[in-house]
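Participant: give me a 3D structure for the following:
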Amino acid sequence: MTISKLGVIWNPSKSDGEQLRSHVADVFGADEGGIGVEWWETSPEDPGRGMAEKAVAAGCDVVVAVGGDGTVRAVAEALAGTDAALGIVPKGTGNLLARNLEVPLNDVPAALRRVRDGEPRTIDIGWVDRDGEEHAFVVMVGFGIDAQMLVETDDDLKSKAGWLAYVEAMGRALAGTEMTDITVTLDDGEPQELHGHTMLIGNCGMVQGGIRLLPDAVLDDGQLDMLLVSADGPLQWLDTVRSVVWENGIRRIFGGVDQAVSTDSTTHVAAERIAVRLSSPQMFEIDGEEVGEVSEFGVRVQPAALTVR
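Facilitator: From the prediction side, this is the model:
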């Protein structure tokens with residue numbers, strides 16, 4: 001796929017504009033009669049969706065999101081279902097979609113070269129409906145112990161202790177969680193009455209450190225994967241740790257299991273549509289961004305909605 005016109009949407013709080021323009025010029029030859037490049041800055045009021053819509057209207061066939069997960073999500077939301085492809089220059093804390101796509105981190109020129117030279121890939125997008133308003137997500141949504149908490153695990157501890165850093169972070173988060181009754185409906189199935197404190201529904205499942213909270217999640221399988229955690233007390237907490245670190249972590253890496261393992265305190269399922277009703281409101285996040293409390297929400301997958309480079 002030859003790029004004829006490039007749109008760059010960048011978060012000025014994450015990147016130096018002058019340096020970014022220099023990198024784009026070097027990689028794409030923009031100063032030497034190369035491809036056309038148009039630029040848009042995000043703002044606190046609009047993290048990228050409006051700019052991406054303008055980029056599509058301007059005829060950009062590739063739109064690069066330069067920022068964190070919030071910028072990538074907003075740009076992807078506008079590009080879903082269009083002919084414009086998404087490029088990613090990760091400049092956030094988690095950079096979760098970039099990690100799942102193996103985009104180079106902490107190296108802007110390398111990420112731009114991936115956009116220039118990479119093979120286009122079509123992926124699914126998730127949509128979440130809360131209070132009658134739909135928003136896209138490219139990584140995961142949910143409440144309780146979430147991916148963002150794991151992303152913000154102490155970096156110093158992470159470098160020294162690896163997996164144990166995430167166990168420590170999950171323990172801290174678990175101490176502040178409360179169990180709630182949950183009604184879950186998968187696709188056209190019957191409602192199921194469950195009990196738990198954490199639910200994650202995602203299109204991809206890897207967070208920092210290579211940990212896969214949703215080990216069966218695949219970006220282009222036409223499904224969303226759900227993890228429900230119901231650990232209540234030290235013994236069940238240890239069961240959750242075993243599930244995340246051992247059953248769905250180390251054993252999976254070495255071929256001991258080939259699909260997500262549910263345990264007494266963790267439940268893994270997949271579906272195209274998931275409807276959730278909660279007995280008590282919970283703080284909800286979309287791709288790591290807190291968006292307020294919800295009592296019910298629904299998610300659906302839009303298969304092959306987005307082309308990424």
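
Participant: how about the contacts made by the nearest residue to L6 once chain neighbours are set aside?
Facilitator: Nearest non-adjacent residue to L6, counting by CB to CB, 6 or more residues apart in numbering: V37, 4.7 Å away. All C-beta spots, glycine's among them, are computed from the backbone N, C-alpha and C. V37 makes contacts with 5-8, 24, 28, 30, as judged by CB atoms under 8 Å, 6 or more residues apart in numbering.

Participant: V37 in helix, strand or coil?
Facilitator: Taking DSSP: H, G, I helix; E, B strand; the rest coil as the rule, one finds V37 in the strand state.

Participant: same question for stretch 138-155, mean pLDDT?
Facilitator: For stretch 138-155, mean pLDDT rounds to 68.

Participant: surely G142 touches H197?
Facilitator: No - if you go by CB atoms under 8 Å, G142 and H197 don't touch, sitting 11.0 Å apart.

Participant: those two: which is more packed in?
Facilitator: With neighbours defined as other CB atoms under 10 Å, G142 and H197 compare such that G142 has more, 27 against 21.

Participant: that one should be in a helix, yeah?
Facilitator: No - according to three-state DSSP, the state of G142 is strand, so it is not within a helix.

Participant: for it, give the beta-bridge partners.
Facilitator: L200, E285 (DSSP bridges).

Participant: pull the contacting residues for it.
Facilitator: So, once contact is read as CB under 8 Å, 6+ apart, G142 ends up touching 198-202, 284-285.

Participant: equivalent analysis for R309, please.
Facilitator: By CB under 8 Å, 6+ apart, the neighbours of R309 are 1, 62, 85-87, 114-115, 118-121.

Participant: could I get the full set of helices for this structure?
Facilitator: All helices of the chain, identified by DSSP state H, fall at 17-28, 49-57, 69-79, 96-100, 108-117, 147-151, 155-161, 163-175, 234-241, 251-253.

Participant: what's the angle between the third one and helix 49-57?
Facilitator: Computed by axes from the mean of the first three to the mean of the last three CA atoms, to 10 degrees, the angle separating helix 69-79 from helix 49-57 equals 40 degrees.

Participant: show me what helix 69-79 is packed against.
Facilitator: strand 5-10, helix 49-57, strand 62-67, strand 85-90, helix 96-100, strand 133-137, strand 289-308 (3 or more CB pairs under 8 Å, 6 or more residues apart in numbering; DSSP states H and E).

Participant: can you tell me what sits against the fifth one?
Facilitator: Defining contact as CB under 8 Å, 6+ apart, one finds that helix 96-100 is touched by 69, 72, 76, 88, 90, 105, 111, 138-140, 147, 151, 204-208, 219, 287-288.

Participant: can you check the first one too?
Facilitator: Counting by CB under 8 Å, 6+ apart, strand 5-10 makes contact with 17, 20, 24, 28, 30, 35-42, 48, 51-52, 55, 58-67, 71, 75, 84, 89, all of which sit outside it.

Participant: just the buried ones from these?
Facilitator: 20, 24, 28, 30, 35, 37-42, 48, 51-52, 55, 60-67, 71, 75, 84, 89 (16 or more other CB atoms under 10 Å).
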